[in-house]
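K.L.:
Predicted model and sequence follow; I will ask about them next.
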Amino acid sequence: MATDCIFCRIVAGTIPSTKVFEDDRALAFRDLHPAAPVHVLVIPKEHIASTAHAVVTHETLLGHLMLTAAKVADQEGLAKGFRIVANTGADGGQTVDHLHLHVLGGRSMTWPPG
């Protein structure tokens, strides 16, 4: 655990979150600043700074995160569709240095919007 990482502190329970799913490898919770009617973050409990920092030993965990994101989307009633986003690095829009997936839905997620 990186003690200065907000997501590691959420995993540890020292910062509260609105959990929607948890197992031994992943945690999913509602985003505090939602960009869609449904906006859930799926994070590994293990600290990995970003997808750029993932290595071959993380392969199974990365697959688990994707399956967890799909499970969360189903649980949230997103049968009409959803988007999974992984921002990586500052230029990629990543604001927390802990790998995370955004599950977005509850409205049309087509691009461009409209």
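P.N.:
Yep, that arrived. Numbers count the residues shown, from 1 in each chain.
K.L.:
can I get the CA coordinates of the helix ranked longest in the chain in CSV?
P.N.:
The helix that spans the most residues within the chain, counting by DSSP state H, is helix 59-75. What follows is helix 59-75, C-alpha atoms only, in CSV (Å, rounded to 0.1, in the frame of the first residue of the first chain):
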residue,chain,number,x,y,z
GLU,A,59,-2.1,-10.0,-16.5
THR,A,60,-4.7,-12.0,-14.5
LEU,A,61,-5.5,-9.1,-12.3
LEU,A,62,-6.1,-6.8,-15.3
GLY,A,63,-8.5,-9.4,-16.7
HIS,A,64,-10.2,-9.6,-13.4
LEU,A,65,-10.7,-5.8,-13.3
MET,A,66,-12.3,-5.9,-16.7
LEU,A,67,-14.7,-8.7,-15.7
THR,A,68,-15.4,-6.7,-12.5
ALA,A,69,-16.2,-3.6,-14.5
ALA,A,70,-18.7,-5.7,-16.6
LYS,A,71,-20.2,-7.2,-13.4
VAL,A,72,-20.6,-3.7,-12.0
ALA,A,73,-22.3,-2.4,-15.2
ASP,A,74,-24.7,-5.3,-15.0
GLN,A,75,-25.4,-4.7,-11.3
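K.L.:
Could you tell me which residues within it count as buried?
P.N.:
61-62, 64-65, 68-69, 71-73 (16 or more other CB atoms under 10 Å). C-beta: built from backbone N, CA, C; applies to glycine.
K.L.:
for those residues, which one is nearest residue 31?
P.N.:
Nearest to residue 31 among the buried residues of helix 59-75 is residue 72, at 11.9 Å by CB to CB.
K.L.:
Can you give me the distance of the closest one to residue 27?
P.N.:
To residue 27, residue 72 is 11 Å away according to CB to CB, to the nearest Å.
K.L.:
How about residue 82?
P.N.:
18 Å.
K.L.:
count of neighbours near the spatially closest residue to residue 37 that is not a sequence neighbour?
P.N.:
With CB to CB, 6 or more residues apart in numbering as the criterion, residue 37 has its nearest non-adjacent residue at 3.0 Å, and that residue is residue 106. Using other CB atoms under 10 Å, residue 106 is surrounded by 16 other residues.
K.L.:
Appreciated, that's everything.
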